[in-house]
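*Asks:* structure of the sequence below:
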Amino acid sequence: MRFLNLLSLKMMFKCKKIKTTLFLGIFVCAIVVSCKTNINKTNQHIHRKWMLIEFGDFQKQQLIAKNCFLDLTNAVNANAYMGCNTLGFVYTYDNKGKFEFKESRTTHMYCEDHAIESQFLNEVNTISSYKIEGHKLFLTTKSNKKLIFVAEDWD
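*Replies:* All right, here's what the predicted structure looks like:
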């Protein structure tokens, strides 16, 4: 009888060890998945179409009337429209706020008023950082000028 009691005690301790190990394993997996999910949400959050609402001395109404936007739905290639030509760029960014446009390309249509586009093309290659707050994207140049966009799918 005493032998059975010792055997049941050993089994009980083994079960506790297994339960503790299993609990710790599940806890660690949950933390890893949670951290990975947050990084992916940040990356996905930038991949949207953004409407330009503040830029230089231009009025918000001007930017809206010209339908100025920046499309970052593709993970590598960005498209933009600033009232005249279609603009394209390769872009890179990281989760620390660094942002860069490279390899710009544009159509060459004649437009009487292309002031927004001209200024945007002058500034775009100097953009060095980004920040997302709520439904707004802030792009900042090396000389600390800001371009502010709002997500198109936000009302």
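*Asks:* mind listing the strands for this structure?
*Replies:* With DSSP state E as the definition, the chain shows strands at residue ranges 49-55, 69-71, 77-81, 86-93, 99-106, 127-133, 136-141, 146-151.
*Asks:* contacts for the last one?
*Replies:* For strand 146-151, the surrounding residues in contact (Cβ atoms under 8 Å, 6 or more residues apart in numbering) are 48-55, 69-70, 120, 123, 127, 135-141. Placement of C-beta: from N, CA and C, glycine included.
*Asks:* recalculate using a threshold of 10 Å.
*Replies:* Defining contact as Cβ atoms under 10 Å, 6 or more residues apart in numbering, one finds that strand 146-151 is touched by 45-46, 48-56, 60, 63, 68-70, 72, 120, 123-124, 127, 130-141.
*Asks:* confidence-wise, which of the strands of the chain is weakest overall?
*Replies:* Mean pLDDT values for the strands of the chain show the minimum at strand 99-106, a mean of 92.
*Asks:* from the chain's centroid, how far away is it?
*Replies:* In terms of Cα atoms, centre = their mean, to the nearest Å, the centre of strand 99-106 is found 17 Å from the chain centre.
*Asks:* quick check: buried residues in it?
*Replies:* For strand 99-106, the buried set under the neighbour-count rule, 16 or more other Cβ atoms under 10 Å, comprises Phe99, Glu100, Phe101.
*Asks:* kind regards, and thank you for your time.
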